[in-house]
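coordinates only, no sequence provided:
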């Protein structure tokens with residue numbers, strides 16, 4: 001994790017490879033309430049929760065492959081006012097989920113007991129995606145699963 005609101009006094013440089021930064025760019029790209037910087041306003045946008053479910057999947061996948069269980073539950077950026085709003089500090093109460101604190105969101109209990117993500121669908125030159133809602137796009141070097149445009153539509157590829 002990294003800081004999302006660093007001031008000029010923050011001793012850490014922005015690392016655009018950390019998920020927090022491209023995540024913010026997508027808020028701007030989507031527009032509407034998603035781009036609004038007013039507290040809690042972005043959640044008014046209908047795409048907000050779908051988007052954050054995907055961001056969370058990326059983060060969970062990264063954590064499961066690169067961190068130990070202890071690191072997943074305990075690693076958190078230091079509370080530095082020059083780098084982050086105090087509402088993002090480790091022990092700050094989650095504004096709409098009191099009495100939970102931000103660090104509580106890192107508990108493995110969630111992925112142990114409450115949910116898990118399905119693997120991303122894949123295909124090859126000879127296998128399909130395994131879903132009636134997807135087809136294997138083999139028009140590029142690397143085959144990839146793509147959603148079908150409509151039920152009963154062309155399931156073999158993109159129309160010319």
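Perfect, I can see it now. All figures in this text were calculated on a predicted structure; none of them were measured in a lab.

count of neighbours near residue 130?
Residue 130 has 11 neighbours, counted by other C-beta atoms under 10 Å. In this view, the C-beta of every residue, glycine as well, is placed from N, C-alpha and C.

can you name the residues that contact it?
residue 121 (C-beta atoms under 8 Å, 6 or more residues apart in numbering).

distance check, it against residue 106.
Here residue 130 is placed at a distance of 32 Å from residue 106 (C-beta to C-beta, to the nearest Å).

ok, residues contacting stretch 45-58?
19, 23, 26, 30, 32, 33, 34, 42, 43, 117.

flag every buried residue along it.
For stretch 45-58, burial by neighbour count (16 or more other C-beta atoms under 10 Å) applies to 45, 48, 51.

which strand or helix spans residue 135?
strand 134-137 (DSSP states H and E).

before we move on, back to that, can you redo the contacts of stretch 45-58 as CSV with distance to residue 135?
Below are the contacts of stretch 45-58 laid out as CSV (distance: C-beta to C-beta, whole Å):
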residue, distance to residue 135
19, 29
23, 29
26, 25
30, 26
32, 30
33, 33
34, 29
42, 33
43, 33
117, 22
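
quick check on the residues you listed: which are buried?
The neighbour-count test (16+ other C-beta under 10 Å) applied to the contacts of stretch 45-58 identifies 23, 33, 34, 42 as buried.

please name the nearest non-neighbouring residue to the first one.
Think residue 23. Leaving aside its sequence neighbours, residue 23 sits nearest to residue 55 (C-beta to C-beta, 6 or more residues apart in numbering; 5.3 Å).

the second one now?
Of all residues not flanking residue 33 in the chain, residue 45 sits nearest, at 3.9 Å (C-beta to C-beta, 6+ apart).

same question for the last one.
Leaving aside its sequence neighbours, residue 42 sits nearest to residue 34 (C-beta to C-beta, 6+ apart; 5.2 Å).

would you confirm that the one you found contacts residue 25?
No: in this structure, residue 34 is not within contact of residue 25 by C-beta atoms under 8 Å, at 11.1 Å.

looking at the chain, which helix or strand is least sure?
Scoring the helices and strands of the chain by mean pLDDT, DSSP states H and E places helix 20-30 at the bottom, with a mean of 82.

in the protein, where is pLDDT below threshold?
Filtered on pLDDT under 70, the chain yields the residue ranges 36-40, 150-160.

can you list the domains in it?
For the chain, automatic domain parsing gives the domain ranges 20-114, 119-160.

redo those as TSV? Include distance to residue 5.
Putting the domains of the chain into TSV (distance: least, C-beta to C-beta, whole Å) gives the following:
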stretch	distance to residue 5
domain 20-114	5
domain 119-160	31
